[in-house]
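Chemist: Here is my input, please return the structure:
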Amino acid sequence: MARGFNLRGGGLWPAGSFATAAALARKQGRGVTVVIPARNEAATVESVVAPLVSTHGTARGSGLVDEVVVVDDASTDSTARVAEQAGARVHRLSRSVGKGFAMTEGAVIANGEFVIFLDADVVDMEPAWIPQLLGPLLLDDDVALVKPFYERPLDGRPAGGGRVTELAARPILSLLFRDLADVLQPLAGETAARRATILEVGIEPDYGAELGLLIDVARRHGASSIAQVDLGRRTHRNRPLNELGAMSRDVLRVALDRAGVLTAIKTQPLRL
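Modeler: Numbers count the residues shown, from 1 in each chain. Sure thing, here's the model as predicted:
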């Protein structure tokens with residue numbers, strides 16, 4: 001596929017569909033903020049921030065990204081210092097309130113019309129992800145949310161990552177939200193939207209943030225407003241099983257709540 005804007009938004013976009021020069025031409029002076037929620041990610045946050053600042057920052061490079069904001073969720077390590085040294089604007093939270101709340105804080109303080117969320121634990125972030133995530137929004141006003149899909153390595157193997165996605169999120173969507181069953185990576189931390197859309201629908205405060213945002217945007221703007229873009233390969237710090245259990249619980253809670261099932265369970269009389 002040509003590296004430009006040849007198709008309408010929505011649907012699936014192969015890798016390389018959106019080039020930086022084409023995205024910059026369509027940006028037309030509108031601001032772009034990259035928000036990176038982070039808690040105790042000193043080991044990897046620089047690898048996410050530095051390529052953005054050096055390649056897309058306002059002082060150097062193309063200027064596609066206008067600011068990079070790291071929301072430090074009360075880290076107990078040097079995440080904030082490392083992020084600042086790498087060139088990010090750091091917003092510190094005084095106490096840990098969860099990933100979704102950190103994402104909301106980032107959207108609130110963002111200066112850009114468009115907000116791109118990136119995870120802080122990724123070890124192979126590519127600057128080409130930025131035009132790819134931003135492209136459908138610039139191309140089509142009917143696109144409200146952009147989600148990526150990619151290969152997920154696990155423990156040195158080329159595939160096998162995304163365990164909560166495959167064991168919880170996608171089965172839940174196929175059962176309760178069938179119009180979203182084709183979303184390949186519903187829990188991906190890489191997400192792009194208009195800032196106004198994020199503030200309009202809100203974000204869940206915990207690990208249910210991505211799934212809640214996906215469902216809420218689809219309900220308000222329709223499932224056809226969700227675009228998916230191929231980012232190739234994404235490697236991040238794989239979490240231990242006990243942390244995955246907590247994530248799965250948050251994902252399940254949000255899904256049951258949005259489906260009205262959680263409320264029904266709470267209101268059912270106890271039968272002995």
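Chemist: what about the strands in the chain?
Modeler: Under the criterion DSSP state E, the chain contains strands at 11-13, 32-38, 67-72, 89-92, 114-117, 145-151, 191-194, 226-233.
Chemist: What residues does the closest residue to Ala255 other than its chain neighbours make contact with?
Modeler: For Ala255, ignoring the flanking residues on the chain, the nearest one in space by Cβ to Cβ, 6 or more residues apart in numbering is Ile172 at 4.5 Å. Quick note: C-beta positions are derived from backbone N, CA and C, even for glycine. Neighbouring residues of Ile172 by Cβ atoms under 8 Å, 6 or more residues apart in numbering: Leu211, Val251, Leu252, Ala255.
Chemist: ok so, going back, for the strands of the chain, please prepare CSV with the additional fields distance to Val261.
Modeler: Formatted as CSV, the entries for the strands of the chain read as follows, by distance: least, Cβ to Cβ, whole Å:
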stretch, distance to Val261
strand 11-13, 29
strand 32-38, 28
strand 67-72, 31
strand 89-92, 35
strand 114-117, 27
strand 145-151, 23
strand 191-194, 25
strand 226-233, 22
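Chemist: For stretch 73-88, C-alpha coordinates in CSV please.
Modeler: Extracted C-alpha coordinates of stretch 73-88, given in CSV (Å, rounded to 0.1, in the frame of the first residue of the first chain):
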residue,chain,number,x,y,z
ASP,A,73,1.7,7.6,39.0
ALA,A,74,3.5,8.1,42.3
SER,A,75,6.5,6.0,41.3
THR,A,76,8.9,4.9,44.0
ASP,A,77,11.8,4.7,41.6
SER,A,78,13.5,7.3,39.3
THR,A,79,10.8,7.2,36.6
ALA,A,80,10.1,10.9,36.8
ARG,A,81,13.8,12.0,36.7
VAL,A,82,14.6,9.6,33.8
ALA,A,83,11.6,10.9,31.8
GLU,A,84,12.5,14.5,32.4
GLN,A,85,16.1,13.9,31.3
ALA,A,86,14.8,12.2,28.2
GLY,A,87,12.9,15.4,27.3
ALA,A,88,9.3,14.8,28.5
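Chemist: Run through the stretch 151-272 of the chain and note the low-pLDDT ranges.
Modeler: 152-162, 236-242, 263-272 (pLDDT under 70).
Chemist: What number of residues are in the vicinity of Asn111?
Modeler: Residue crowding around Asn111 was assessed by other Cβ atoms under 10 Å; the count is 13.
Chemist: So it versus Pro205, what's the distance?
Modeler: Between Asn111 and Pro205 the distance is 23 Å, computed by Cβ to Cβ, to the nearest Å.
Chemist: do the same with Asp230
Modeler: Plainly put, Asp230 is 30 Å away from Pro205 if you go by Cβ to Cβ.
Chemist: Can you name the residues that contact the nearest residue in space to Arg253 that is not next to it in sequence?
Modeler: Closest residue in space to Arg253, ignoring its immediate chain neighbours: Gly208 at 6.0 Å, by Cβ to Cβ, 6+ apart. When contacts are counted by Cβ under 8 Å, 6+ apart, Gly208 is found next to Gly100, Asp250, Val251, Arg253, Val254, Ala255.
Chemist: Could you do Gly106 as well?
Modeler: The contact partners of Gly106, by Cβ under 8 Å, 6+ apart, come to Thr33, Val35, Ile36, Pro37, Val69, Val71, His91, Val115, Phe117.
Chemist: one more time with 6 Å
Modeler: By Cβ atoms under 6 Å, 6 or more residues apart in numbering, the residues touching Gly106 are Val35, Val69, Val71.
Chemist: List just the nearest of the contacts of Gly208 to Thr235.
Modeler: Out of these, the one with the shortest distance to Thr235 is Val251. That distance is 21.5 Å, counting by Cβ to Cβ.
Chemist: What is the neighbour count of that closest one?
Modeler: Here the count is done by other Cβ under 10 Å, and Val251 has 26 residues near it.
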